[in-house]
Structures are given as C-alpha cells and as structure tokens.
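Participant: my questions concern the predicted model and sequence given below.
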Amino acid sequence: MSTNDHTKQSDISKMKTEADGSFKRADASFRNTIEKDGRFEPELDRYHLYVSYACPVSVVSPRMGNDGWPFANVDPYPAADADPLYKAEHVKDLYYKADPSYGGRFTVPVLWDKKTHTIVNNESSEII
C-alpha cells in the first residue's frame, strides 16, 4: 500500500492540539452525496461502507494503532473483518487509494464507491 509518512494523521499522540491542550477535530474531507444525476448515482451493489467498533456499527478493529484503524488481517479482533475489496491492512490505505496526496485524518465510517474506487463521504452524521 502507500509509503507516505502518515504518522501525524494516524498516531493520536502526534496530532496537533490547541494552546489549551484540547483537540479540535478537523472537518471531514469527503462530503459527497449519493443522488440521481449526481457524481455518485444510486446503483445496486455500487457502494461499500467501512466502519469501526468505535462507531455504532462495526467492521474494523477498535484498536487504533500507529497506522490507524486496522482490518482483521492485521489485528484479528473478534468479529472484525478483512477488507473485502482491496485487502487493505488499514483504513488509511483506502484514503491513499482515493487520493495519494491525502493529508487529513483517517476516520471511519467511510462510504466507498466501488465503481470509481474512491471515497464518497466520511462524515458519520451524513452517512448514519
């Protein structure tokens, strides 16, 4: 997968904090919608949803490490899954597949377009 230095994006101990020590989460980077006549049109079996045990529904391990959220092939957490589409090891690999120069955080959930091989949306309030 990607060889980019991603430690500031996935290692929570290296993420920027405010002067008062608080952490301000950046806005989600992918904010598209599935809509008729849009870039992402409704289509049977076109989309795949990636989530974490830390979210309301689950697929990846909840044990986020230095490389971010791992899939079961890296962290065999009970009931976590391996990535069924690309055999990715971590969610970050999906972000780099969508945008090789991505510089934001690697968050879940991720709504993935299997047709164009990119992220449609990664804002939980808009997906769930």
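Facilitator: Cool, got the structure. Residues are numbered from 1 along each chain as shown.
Participant: so for residue 80, what's the pLDDT?
Facilitator: Per-residue confidence (pLDDT) for residue 80: 88.
Participant: and the top helix by length along the chain, how far out from the chain middle?
Facilitator: Longest helix of the chain, by residue count under DSSP state H: helix 91-98. The chain centre lies 7 Å from the centre of helix 91-98; the measure is CA atoms, centre = their mean, to the nearest Å.
Participant: report the buried residues of it.
Facilitator: 91-98 (16 or more other CB atoms under 10 Å). (Glycine included, C-beta is placed from N, CA and C.)
Participant: which of those residues sits closest to residue 70?
Facilitator: Ranked by distance to residue 70 (CB to CB), the buried residues of helix 91-98 are led by residue 91 at 8.0 Å.
Participant: let me know the pLDDT of the nearest residue to residue 46 once chain neighbours are set aside.
Facilitator: Closest residue to residue 46 apart from its sequence neighbours, by CB to CB, 6 or more residues apart in numbering: residue 115 at 5.1 Å. Looking at residue 115, its pLDDT stands at 94.
Participant: does residue 115 touch residue 44 like I think?
Facilitator: No: between residue 115 and residue 44 there is no contact under CB atoms under 8 Å: 11.1 Å.
Participant: mind listing the helices for the protein?
Facilitator: Counting by DSSP H, the helices of the chain are 7-10, 91-98, 124-127.
Participant: picking that back up, residue 115 and residue 44: who's more crowded?
Facilitator: When residue 115 and residue 44 are compared for neighbours, residue 115 comes out ahead with 12 against 5, by other CB atoms under 10 Å.
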